[in-house]
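**Q** I would like to see how this sequence folds:
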Amino acid sequence: MIEKFLLGVGSRLQEIIDPEAVGEQVAQWLIGVVVGLIIFTAFYILWRLVRLAVMPFLRRRFDLTAVSFIDAVVKYGILAIGFFYALDAAGIKTSAVLASLGIAGLTIGFAARDALSNLISGILIFIDRPFVIGDLVEMEGFYGRVDRITLRSTRIVTSDGRMLAVPNTEVINKIVASYTNFPHLRLDIAVTVAVDEDLDRARQVLLDLVRHDPAYIAEPAPRVVVTRLNDYNVALELQAWLQDERQHIEKRFALREKVFTALTAAGVQMPFETIQLSPFSVELAGGEAAAG
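**A** Numbers count the residues shown, from 1 in each chain. Reported below is the predicted structural model:
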């Protein structure tokens, strides 16, 4: 009984699955896959050729930020077209694929919501232009030069040589300070002098450091302001506008050292916050004096 059942199942499977037909289908599928790979490779080569031909023109007409964005759009556009042509050549109906994607769209969208948010944020960064490639920016305590803006992240090279890949959603939702968006940048150098110092003399010493230095502009003019009256010193701040804002780190270090050297050479006291103890005496009830 069991043998007859197994023989019946075997004969039925042979009727459904013809080995010769299966072999022919596998061969056709392999040929389709090879043709699809050739087509996708051809579109990849097409993108490289278009990039070589168009990039020089784009670099002459647009800035690096626009060139990077257009390059990404053209790249993924051509490769996406090549991908669907390759699927069609492999015998996979793109309409069925798109229908499947539509059915699973909610699931895919939920799983890839972060990637989609970064993509949309990258487009908004390009449109809004809070900074461009090459700008010096600071965000969440990190400072560096914008090296690249992709559709997923913004690449920042820090002053100590590290590469930070910041997701575009973080860039959109955080406060970003740009040091190069405007023509000039002001340096503020804080210093304290003794309470009995001549402030006009100290001001003159500080202004002489930047007044005739070509690295600083004459308008707005540099100035020295009193920022705070402390118990043991007076806080001053030298404010000078740089000619080249990209040199602000080096110039800040150099100017801070010049301030110390100039005030020391002029004999201007820069005291620490100290507590001075003075002796005193107290008259006791019995007429005796107690020293304190």
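
**Q** tell me which residues in the helix or strand containing residue 87 are buried?
**A** Under the assignment given by DSSP states H and E, the secondary-structure element containing residue 87 is helix 64-89. The neighbour-count criterion (16 or more other CB atoms under 10 Å) identifies 64-69, 71-72, 74-75, 78, 82-89 as the buried residues of helix 64-89. From N, CA and C alone the C-beta is placed, and that goes for glycine too.

**Q** For residue 129, give its distance to residue 54.
**A** Separation of residue 129 from residue 54 (CB to CB, to the nearest Å): 22 Å.

**Q** got it, and residue 201?
**A** Distance, residue 201 to residue 54, by CB to CB: 63 Å.

**Q** and what of residue 157?
**A** As for residue 157, its distance to residue 54 is 27 Å (criterion: CB to CB).

**Q** which residues does residue 82 contact?
**A** Under the criterion of CB atoms under 8 Å, 6 or more residues apart in numbering, the contact list for residue 82 reads 39-40, 42-44, 46.

**Q** Any regions of the stretch 51-200 of the chain where pLDDT drops low?
**A** Applying pLDDT under 70 to the predicted model, the residue ranges of the stretch 51-200 of the chain that meet it are 93-113.

**Q** And the strands in it?
**A** Taking DSSP state E, counting those that start in this stretch, the strands of the stretch 51-200 of the chain run over residues 136-139, 142-149, 153-158, 163-167, 176-178, 185-193.

**Q** okay if I get the contacts of residue 82 as JSON lines plus neighbour count and distance to residue 221?
**A** What follows is the contacts of residue 82, written out as JSON lines (neighbours: other CB atoms under 10 Å; distance: CB to CB, whole Å):
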{"residue": "39", "neighbour count": "19", "distance to residue 221": "67"}
{"residue": "40", "neighbour count": "20", "distance to residue 221": "63"}
{"residue": "42", "neighbour count": "13", "distance to residue 221": "64"}
{"residue": "43", "neighbour count": "18", "distance to residue 221": "60"}
{"residue": "44", "neighbour count": "14", "distance to residue 221": "58"}
{"residue": "46", "neighbour count": "14", "distance to residue 221": "58"}
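
**Q** Counting only helices, which of those residues make the cut?
**A** Of the positions in these, 39-40, 42-44, 46 sit in helices, assigned by DSSP state H.

**Q** which one among those residues gets closest to residue 258?
**A** Proximity of the ones in helices among the contacts of residue 82 to residue 258 (CB to CB) peaks at residue 44, which lies at 56.6 Å.

**Q** What strand or helix carries residue 238?
**A** For residue 238, the host element (DSSP H and E) is strand 234-242.
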